[in-house]
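Trainee: Sequence below, structure please.
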Amino acid sequence: MTDMPATSPPHRSFDLAAWRPSRRALFWVLGAFVAGLLLFLLVWRGGDSDFYRAGPAAPTAANPHYAPLPAPMAGDSDEVSDIPVPATPATDNGEQPRLVETAPPPPPPAAPAPPPPQAPIATSQPQPVSMPAPRYPAQALRNGEQGTVMVSAEISENGIPSAVEVARSSGSRQLDRAAVDAVRHWRFRPAMAEGRPVTGRVQVPISFKQ
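Mentor: Below you'll find the model as predicted:
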């Protein structure tokens, strides 16, 4: 008996078209997906959405124990303070101490202003050193006018008369004017005070006689 050669089974190729679903099956799958999506939206908008919330977190440590707070003090319900206010001690006569506001002390009196400096008092009078004779007015001479004029003059520190006036008139206006003009040209040794020249005043008689 002769041996027959072994033959391998025939090779079958994979048919992709046989595994492809039909068009009707695709429509059923798509419709089921859309229906499930609509049902999910209806449940989510229904208000009870606790099914997707996370549960309470597990405690990580033991809760600490705190001492209870003191009871509120008796008083108005609108103003309740949990901080006790210390009572104010009373005085011996039973009165509560009060805060007395004292007025600030008055400002110290202002120092008086220093008096103005006074001019040094002259210890000597001005002395004439140059005395030109007065001019006798011609009209007064023709009219026979005569008399004595008392002239008051203020002598400056340099010995020059700064203000000259008639202290007592002779009765003749011309003689008074001539006497004033004469004293204005006089020169004096000024008055002295504390070793230095100062302003002084003198009265000089000027006589007119024919």
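Trainee: Mind listing what's buried along stretch 198-210?
Mentor: 198-200, 202, 204, 206, 208 (16 or more other CB atoms under 10 Å). Just so you know, the C-beta spots here come from the backbone N, C-alpha and C atoms, and that holds for glycine as well.
Trainee: any chance of the residues you listed in CSV, with secondary structure and distance to residue 171 too?
Mentor: Below are the buried residues of stretch 198-210 laid out as CSV (DSSP: H, G, I helix; E, B strand; the rest coil; distance: CB to CB, whole Å):
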residue, secondary structure, distance to residue 171
198, strand, 35
199, coil, 31
200, strand, 28
202, strand, 22
204, strand, 18
206, strand, 13
208, strand, 11
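Trainee: from those residues, which is closest to residue 182?
Mentor: For these, the minimum distance to residue 182 (CB to CB) is 6.3 Å, reached by residue 206.
Trainee: quick one, what contacts the closest one?
Mentor: Counting by CB atoms under 8 Å, 6 or more residues apart in numbering, residue 206 touches 134, 148-151, 178-179, 182-183.
Trainee: run the last query once more with 10 Å
Mentor: By CB atoms under 10 Å, 6 or more residues apart in numbering, residue 206 lies in contact with 131, 133-134, 147-151, 166, 170, 175-176, 178-180, 182-183.
Trainee: For it, list each beta-bridge partner.
Mentor: On the basis of DSSP bridges, residue 206 is bridged to residue 149.
Trainee: How much space separates it from residue 177?
Mentor: Separation of residue 206 from residue 177 (CB to CB, to the nearest Å): 11 Å.
Trainee: Find residues that contact each of the two.
Mentor: Common neighbours of residue 206 and residue 177, using CB under 10 Å, 6+ apart, are 134, 149, 166.
Trainee: SS state for the nearest residue to residue 137 once chain neighbours are set aside?
Mentor: Distances taken as CB to CB, 6 or more residues apart in numbering place residue 174 nearest to residue 137, at 4.3 Å, with adjacent residues excluded. At residue 174 the chain is in helix, as set by DSSP: H, G, I helix; E, B strand; the rest coil.
Trainee: Can you report how many residues neighbour residue 174?
Mentor: By other CB atoms under 10 Å, 17 other residues sit near residue 174.
Trainee: wait, it sits on residue 146?
Mentor: No: applying CB atoms under 10 Å as the test, residue 174 and residue 146 come out as separate, 11.1 Å apart.
Trainee: any shared contact partners between these two?
Mentor: Joint contacts of residue 174 and residue 146 (CB under 10 Å, 6+ apart) are 136, 140, 208.
Trainee: so who does the first one touch?
Mentor: Listed by CB under 10 Å, 6+ apart, the contact partners of residue 136 are 145-146, 174-175, 178, 208-210.
Trainee: Thanks a lot, catch you later.
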